[in-house]
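A.B. asks: Model the following, please.
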Amino acid sequence: GFGNSQANGSITFNTANASQITSWNNSRIVCKVPEGATSGNLFVTVKGKKSNELTFKLTSIVPMVLIPHGSFQMGNTGSMPAGPQPETPHQVTISKDFYMSKYEISQTLYTAVMGNNPSNQKSADLPVDRVSFMMSVEFCNKLSDLEGLEKCYTINGTSVSCNWTAKGWRLATEAEWEYACKAGTTEDFYTGSSIPTLATAAWYSENSSEKSHPSGEKKPNAYGLYDMHGNLSELCWDWVGSYGGSETDPKGPSLGAWKIARSGSWHNSATFCRSSMRGWMDAVTMQSSAVGLRIVRLK
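C.D. replies: Residues are numbered from 1 along each chain as shown. Coordinates of the predicted model:
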């Protein structure tokens, strides 16, 4: 056995020792996977004696899909008029594959990570709402920490910087979000440009009964992402700003007043749920019952 207390014992994931061990007894050890650990071999050392090695595989608690790198026309390539913010079509290249959460982040997951549920409409099967930009980046860092991933964000008050090479969870850039939403399409919605077909993929003002719905009930896009139109608007990294010309991995302006929120929501009309529609939040601390989040991380 492992002994009734940790004493000088250790548990090692490949070459990284777990530093946060919450319980240790003769038959069971509970610990946090160390940051940076990858799937491989695990062993326990007690009083200088090493156990047999066991193969382990780290899996995320976030259902996700792989979005392959590529190029697309970002902006309003559909037939409906643009919204209040600029949607000028321009060529954008996403240079790296990334994972995106398959669904909007649920209240169950948010509560498990953060220990609270800010949602206005509370239910375990609903996506979390009333999350601000600041709450979202804090969630991403805590989830990354729980999964042993390098955190993306450095947070100082309401100032946030991002390490774009880190492989932890973060908010999508506006370009990543639109690329994933369109999934190779060029029409107003990933279902086409007909408003009646939108109802197969989205909860919006005409069919939502003015409330959010469980994620995954509508038709996904070609990448297998659900609720990329409607249900809850989804916060992105970028400040609101004008588009440039042809770009690779754009991240928006370095400073701003409003943060981008995409997809439209249960409260919005169909035109506000278009793939290229740019919504926003008036402050990094602003919360709304129509706004939630979806997250990404590098492959």
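
A.B. asks: who's in contact with W177?
C.D. replies: 234, 236, 262, 294 (C-beta atoms under 8 Å, 6 or more residues apart in numbering). (Each C-beta comes from the backbone N, C-alpha and C, glycine too.)

A.B. asks: Hmm, I typed the wrong one, I wanted V284.
C.D. replies: Contacts of V284 (C-beta under 8 Å, 6+ apart): 132-134, 158, 160, 259.

A.B. asks: can you rerun that using 7 Å?
C.D. replies: Going by C-beta atoms under 7 Å, 6 or more residues apart in numbering, V284 touches 132-134, 158, 259.

A.B. asks: quick one, helices of this protein?
C.D. replies: For the chain, applying DSSP state H gives helices covering 107-114, 133-146, 174-182, 195-198.

A.B. asks: Tell me which of those helices is the most buried.
C.D. replies: Burial of the helices of the chain is given as mean neighbour count (mean count of other C-beta atoms under 10 Å); helix 174-182 ranks first at a mean of 24.

A.B. asks: where's it relative to the chain centroid, distance-wise?
C.D. replies: Using C-alpha atoms, centre = their mean, to the nearest Å, the distance from the centre of helix 174-182 to the centre of the chain it belongs to is 12 Å.

A.B. asks: Next, count neighbours for the nearest residue to T22 once chain neighbours are set aside.
C.D. replies: Beyond its immediate neighbours in the sequence, the residue positioned closest to T22 (C-beta to C-beta, 6 or more residues apart in numbering) is V30, lying 4.8 Å away. Neighbourhood size, V30 [other C-beta atoms under 10 Å]: 12.

A.B. asks: Tell me what V30 is bridged to.
C.D. replies: Beta-bridge partners for V30, by DSSP bridges, are S23.

A.B. asks: That one reaches A18, doesn't it?
C.D. replies: No - in this structure, V30 is not within contact of A18 by C-beta atoms under 7 Å, at 9.8 Å.

A.B. asks: that older thread, which one of the contacts of V284 is nearest A7?
C.D. replies: A7 has its nearest neighbour among the contacts of V284 in M134, at 41.8 Å by C-beta to C-beta.

A.B. asks: before we move on, back to that, what's the closest of the helices of the chain to I11?
C.D. replies: Here helix 133-146 is closest among the helices of the chain (C-beta to C-beta), at 16.9 Å.

A.B. asks: Check the average confidence over that closest one, would you?
C.D. replies: Average pLDDT, helix 133-146: 96.

A.B. asks: now the angle from that helix to helix 107-114?
C.D. replies: With axes from the mean of the first three to the mean of the last three C-alpha atoms, to 10 degrees applied, the angle from helix 133-146 to helix 107-114 works out at 70 degrees.

A.B. asks: Check which helices and strands helix 133-146 sits against.
C.D. replies: Judged by 3 or more C-beta pairs under 7 Å, 6 or more residues apart in numbering; DSSP states H and E, the packing partners of helix 133-146 are helix 107-114, strand 153-156, strand 170-171.

A.B. asks: got the contact list for that helix?
C.D. replies: Applying C-beta under 7 Å, 6+ apart, the set of residues contacting helix 133-146 from outside is 35, 110, 113-114, 118, 150-153, 155, 158, 160, 168-171, 235, 259, 281, 284-285, 293, 295.

A.B. asks: same question, stretch 215-222
C.D. replies: By C-beta under 7 Å, 6+ apart, the list of residues contacting stretch 215-222 reads 103-104, 106, 127, 181, 183-184, 190-191, 200-203, 226-228, 231.

A.B. asks: For PyMOL, what selects the buried ones among those?
C.D. replies: Here is the PyMOL selection string for the buried members of the contacts of stretch 215-222, based on 16 or more other C-beta atoms under 10 Å:
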select buried, resi 103+104+106+127+181+183+190+191+201+202+203+226+227+228+231
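
A.B. asks: which of the residues in stretch 81-93 are buried?
C.D. replies: Going by neighbour count (16+ other C-beta under 10 Å), the buried part of stretch 81-93 is 82-83, 85, 87, 89, 92-93.

A.B. asks: Between these, which sits nearest S269?
C.D. replies: Closest to S269, out of all of the buried residues of stretch 81-93 and judged by C-beta to C-beta, is G83, at 10.8 Å.

A.B. asks: picking up where we left off before, now the helices of the chain in CSV, with distance to D97?
C.D. replies: Formatted as CSV, the helices of the chain follow (distance: least, C-beta to C-beta, whole Å):
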stretch, distance to D97
helix 107-114, 23
helix 133-146, 18
helix 174-182, 11
helix 195-198, 29
